[in-house]
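# My questions concern the predicted model and sequence given below.
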Amino acid sequence: MTKPLVVITGASSGIGEATARTLSAQGHSLLLLARRVEKLEALNLPNTLCRKVDVTDVATFDAAIKEAEAQFGPVDCLVNNAGVMLLGDAHTQDPAEWSKMLDVNVKGLLNGIHLVLAGMRERKAGTIVNISSIAGFKTFPNHVAYCGTKYAVHGMSETLREEVCGDDVRVIVISPGAVETELLSHTTRDDIKNGYGEWKDAMGGVLKAQDVANAIEYAYGQPQNVHIREIALTTTRQPA
């Protein structure tokens, strides 16, 4: 017997991959979603369905969830981890980069919520974990649009929590600081990437993806009547 089904978006690397490994080791069946399905399959985790899904494509997202539920039972937890970080100045950044962040970080997150929430409310059980950022409540230079998307995650999450708490559904926000992942590679400006790298080095390093996965495991692993609403975590030496 496996533990209930967990869906993880953006599971091909970084926080998503570490969370998949961690929850698989706890015995959960998994639906892993990403655009790079070959990386998902290379994890070779038991009781796991891997599908190529862009979270902005609702139809494909929905089909993958229905396939997984037919095999493993209803979704008990959704980890909304897929995201992009495209840093730039508001007056020079290509507006197409704003659109991409809004589509993935905000609309993609809402798509996942939309697809699993009705079942959770009907069953009076379930957990939605939204991966936000310290940049969801603390501003940084060159982060105008990115901060906007992560502030949105916080606002949507708290509003949703109030809507569904009476149905015993939990909405958890995980807000990491700097993490060693592929996220920075999405940024197209080398000067910003170099400055970010220097900032990380000055702190003596940043969080590992596993650190964030451990926080997700802790919050999700509480009894359903215990709601860890938010965890904000950074390295001890991160000043902002």
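Looks like it came in fine. Numbers count the residues shown, from 1 in each chain.
# in this structure, which spans are strands?
3-9, 28-34, 48-52, 75-80, 126-131, 169-176, 230-233 (DSSP state E).
# Dump those into CSV; add mean pLDDT, mean neighbour count and distance to residue 190 as well.
For glycine as for every other residue, the C-beta is placed from the backbone atoms N, C-alpha and C. Formatted as CSV, these follow (pLDDT from 0 to 100; neighbours: other CB atoms under 10 Å; distance: least, CB to CB, whole Å):
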stretch, mean pLDDT, mean neighbour count, distance to residue 190
strand 3-9, 98, 24, 28
strand 28-34, 98, 26, 26
strand 48-52, 98, 20, 30
strand 75-80, 98, 25, 30
strand 126-131, 98, 25, 26
strand 169-176, 98, 24, 24
strand 230-233, 98, 17, 28
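# Mind listing residues that contact the least confident helix or strand in the chain by mean pLDDT?
Among the helices and strands of the chain, helix 190-202 carries the lowest confidence by mean pLDDT, DSSP states H and E, at a mean of 82. By CB atoms under 8 Å, 6 or more residues apart in numbering, the residues outside helix 190-202 that reach it are 87, 88, 142, 178, 184, 185, 187, 206.
# And stretch 216-232, by the same measure?
Applying CB under 8 Å, 6+ apart, the external contacts of stretch 216-232 come out as 6, 15, 19, 22-23, 26, 77, 79, 125, 127, 129, 134, 137, 161, 165, 168, 170-177, 215.
# picking up where we left off before, dump the strands of the chain into TSV; add distance to residue 108 as well.
Formatted as TSV, these follow (distance: least, CB to CB, whole Å):
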stretch	distance to residue 108
strand 3-9	7
strand 28-34	10
strand 48-52	15
strand 75-80	8
strand 126-131	11
strand 169-176	16
strand 230-233	20
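# Quick check on residue 56: phi, psi?
phi -80, psi -10 (degrees, to the nearest 10).
# Roughly how far does it sit from residue 123?
In this view, residue 56 and residue 123 are 27 Å apart by CB to CB, to the nearest Å.
# now swap in residue 160 and tell me
Relative to residue 123, and taking CB to CB, residue 160 is found at 17 Å.
# residues contacting the residue sitting nearest the centre point of the chain?
Taking CA atoms, centre = their mean as the criterion, residue 81 is the residue nearest the geometric centre of the chain, at 1.6 Å. Residue 81 is in contact with 8, 9, 10, 11, 15, 16, 19, 131, counting by CB under 8 Å, 6+ apart.
# The residue nearest to the second one when sequence neighbours are not counted: neighbouring residues, count only.
With sequence-adjacent residues excluded and distances taken as CB to CB, 6 or more residues apart in numbering, residue 9 is closest to residue 82, at 3.9 Å. By other CB atoms under 10 Å, 25 other residues sit near residue 82.
# Then the one 5 residues further on?
By other CB under 10 Å, 25 other residues sit near residue 87.
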